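Enquirer: model this:
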Amino acid sequence: MRMTSDLLNERETTHGKFSLNSHYLNGLLEAIPLDAYEPRVRYAIVAIYIKLSRMASGDAFRREHWEDVAGYAHLVLEAIESEALAESGGITLCSREVPR
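Expert: This next block holds a predicted model:
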């Protein structure tokens, strides 16, 4: 168990406290409902929310956080491009009009 506590202590400096992360994440999830999005988009948004929560409670200047946000955004862009290329009956990324 010593290795686990060492890892948690190390991560707390870069990712913030677990309790604060969960507070921020739940706030984002309540503020912006995701039920209309298809699973891949919903997953990417939640993953980005998690990264934002870690930045807010930990080290916002940690390169890894920003690379991860960019990576999840890129995956959604690929899905959008894929949908744009589909002729008809393609993938629906959102089941309803989402306010912008």
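Enquirer: what's the mean pLDDT across stretch 12-21?
Expert: For stretch 12-21, mean pLDDT is 93.
Enquirer: remind me which residues of the chain are low pLDDT?
Expert: In the predicted model, the chain carries pLDDT under 70 at residues 1-2, 84-100.
Enquirer: flag every buried residue along the top helix by length along it.
Expert: Longest helix of the chain, by residue count under DSSP state H: helix 63-85. Neighbour-count burial for helix 63-85 flags His65, Asp68, Val69, Tyr72, Val76, Ala79 (criterion: 16 or more other Cβ atoms under 10 Å). Heads up, the C-betas are built off the backbone N, CA and C, glycines and all.
Enquirer: need the residues you listed in TSV with distance to Ser19, can you?
Expert: TSV is the format used below for the buried residues of helix 63-85 (distance: Cβ to Cβ, whole Å):
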residue	distance to Ser19
His65	19
Asp68	21
Val69	22
Tyr72	24
Val76	29
Ala79	33
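Enquirer: cool, thanks, talk later.
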